[in-house]
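Asker: A structural model of the following input is requested.
(one chain, ligands or ions: 1)
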Amino acid sequence: MAVPFIDLKRFEEGFLDTWLEKVSAMSSRAEFISGNEVTTLESRLSECAQVAHVISCANGTDAIQLALRAIGVGRGDIVLVPNMTFWATFEAVVNVNASPVTVDIDLTDGGIDLVAFKIAVEKFNPRAAVVAHLYGWGSAKLGELREYCKNQKVMLVEDGAQCFGAEYMGEPIYKGALISTTSFYPAKVLGGAGDGGAVFTDDAEIAKRVRQLGNHGRTAHYGYGLVGWNSRLDSFQAAYLNISIDYLPQRLKSRRESAAFYSKELLSLGLKQITAPDSYNENGYCNVCLIENEALKIKLETALRSSGIGFGNIYPGAMSDQSGAVNFLHAHVGGSNAQQLCTSVLNLPLFPYMVLEELTEVIDIVQSQINKE
Ligand SMILES: *Cc1c(COP(=O)(O)O)cnc(C)c1O
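Answerer: Model prediction:
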């Protein structure tokens with residue numbers, strides 16, 4: 001049985017009908033930009049995240065750029081970034097004209113290495129730092145990280161593109177951040193029918209600036225108090241997301257069950273994994289195996305491929321090693337855990353509504369290669 005790495009077409013019964021009805025009704029009203037769907041989405045996101053202000057925008061990369069600009073990061077500022085994340089995290093820092101310093105990650109949770117982070121703060125006195133909550137959870141030391149940044153006056157931006165629905169200490173992970181972001185790229189936990197993103201903050205002033213920057217710096221309809229750009233979320237995306245939020249609890253439940261299944265089975269096969277720290281209820285975004293034996297990793301990937309089972313390597317390269325980083329990277333602090341994770345990471349299929357046959361098929365293929373060892 002073939003199993004895709006991710007299947008976005010497993011719509012709940014009635015989902016597509018509701019969506020098509022909305023598209024039809026909105027089209028007949030020419031409701032394309034802003035309007036009720038967008039304001040409804042923002043207030044529902046605010047409720048889900050338990051954060052006072054939510055500003056929707058065009059995509060998750062813009063969300064990070066808006067957040068950085070809104071807190072005043074710009075030319076000449078040093079910004080710390082994790083060496084293991086999606087390229088957009090690094091890119092956003094460069095795009096606001098700041099200088100990125102990469103910081104190594106912690107192999108126990110994939111989050112920032114707090115020891116290296118503190119060294120980087122002492123050494124570079126950064127204006128801000130971006131951390132990414134990868135794989136569906138955040139750092140085990142998130143509380144300490146937030147507290148430390150607050151005390152050191154380092155403005156912390158949390159890239160939450162992969163952690164929608166994750167809970168930290170029993171509360172939404174976005175709650176308590178100075179400013180955080182998410183992405184509605186279709187493959188994310190709360191995915192749209194195209195690109196989208198959002199910024200979350202409890203600070204009304206910052207929220208106001210984010211809103212202005214993402215709408216051409218507007219302070220009046222034809223008055224521009226800032227130089228921003230157009231990063232509005234269109235109304236169709238908002239409408240699609242409003243339907244998706246109705247189904248989010250059952251999607252999360254399904255993702256978490258599959259994640260728990262893998263984690264238990266892989267543990268009994270003796271495979272190393274990174275799983276969510278105890279302080280988290282993960283969202284089941286990504287399964288993370290660490291296959292340090294290179295020959296075994298090649299065998300596993302070959303077997304999965306030939307059985308039609310999708311897999312991922314999220315991510316295959318560290319930020320500091322990208323050719324695009326050469327002209328912008330100010331420095332790197334810490335060791336090479338990011339590189340180690342990059343070479344050993346293997347992600348198994350994980351998405352809502354996987355069936356038991358699919359999960360057991362994946363585990364059977366993995367097991368067949370382990371037994372050959
Ligand atoms: C997806 C993702 C982004 C970028 O989001 P887009 O909506 O694709 O621009 C940024 N950071 C991380 C960690 C992501 O996974």
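Asker: Find the nearest non-adjacent residue to the residue of the chain found nearest the ligand, please.
Answerer: Nearest residue of the chain to the ligand (CB to the nearest ligand atom) works out as G60 at 2.5 Å. For every residue, glycine as well, the C-beta is placed using N, CA and C. Spatially, and ignoring its direct neighbours in sequence, G60 is nearest to S183 (2.4 Å; CB to CB, 6 or more residues apart in numbering).
Asker: Repeat that for R305.
Answerer: Closest to R305 by CB to CB, 6+ apart is F311, at 7.8 Å.
Asker: what comes up buried for the longest helix seen in the chain?
Answerer: Using DSSP state H, we find that the single longest helix of the chain is helix 235-268. Within helix 235-268, the residues scored as buried using 16 or more other CB atoms under 10 Å are 235-245, 248, 251-252, 254-256, 258-259, 261-263, 265-266.
Asker: which parts of the stretch 251-373 of the chain sit against the ligand?
Answerer: By CB under 6 Å from any ligand atom, no part of the stretch 251-373 of the chain sits against the ligand.
Asker: what's the burial count for the spatially closest residue to I245 that is not a sequence neighbour?
Answerer: Of all residues not flanking I245 in the chain, R44 sits nearest, at 5.5 Å (CB to CB, 6+ apart). The number of residues packed near R44 is 17, by other CB atoms under 10 Å.
Asker: Same question for the one 3 residues further on.
Answerer: If you count neighbours by other CB under 10 Å, E47 ends up with 12.
Asker: Next: the one 4 residues further on.
Answerer: When counting by other CB under 10 Å, one arrives at 23 neighbours for V51.
Asker: Grab the nearest non-local neighbour of it.
Answerer: F200 (4.1 Å).
Asker: So which elements touch the helix or strand encompassing that neighbour?
Answerer: Assessed by DSSP states H and E, F200 sits inside strand 197-201. Packing contacts for strand 197-201, counted by 3 or more CB pairs under 8 Å, 6 or more residues apart in numbering; DSSP states H and E, involve helix 36-49, strand 53-57, helix 60-70, strand 179-183, helix 204-213.
Asker: Output those as TSV; include the columns distance to C289.
Answerer: Compiled in TSV, the helices and strands packed on strand 197-201 are given as follows (distance: least, CB to CB, whole Å):
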stretch	distance to C289
helix 36-49	30
strand 53-57	34
helix 60-70	25
strand 179-183	24
helix 204-213	37
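Asker: Tabulate these (a markdown table), appending mean pLDDT.
Answerer: Output for the helices and strands packed on strand 197-201, formatted as a markdown table (pLDDT from 0 to 100):
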| stretch | mean pLDDT |
| --- | --- |
| helix 36-49 | 98 |
| strand 53-57 | 98 |
| helix 60-70 | 98 |
| strand 179-183 | 98 |
| helix 204-213 | 98 |
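Asker: Show the contacting residues for the residue nearest to Y280 when sequence neighbours are not counted.
Answerer: Once flanking residues are discounted, Y280 sits nearest to W137: 4.2 Å by CB to CB, 6+ apart. Residues near W137 by CB atoms under 8 Å, 6 or more residues apart in numbering: 109, 163, 166, 168, 173, 276-277, 280, 282-283.
Asker: same thing but at 10 Å, please
Answerer: Residues in contact with W137 (CB atoms under 10 Å, 6 or more residues apart in numbering) are 109-111, 162-163, 166-168, 173, 259, 274-277, 279-286.
Asker: try E167
Answerer: 137-138, 173, 175, 252, 276, 279-283.
Asker: quick one, helices of the stretch 251-373 of the chain?
Answerer: For the stretch 251-373 of the chain, the helices defined by DSSP state H, counting those that start in this stretch occupy 294-306, 337-344, 356-372.
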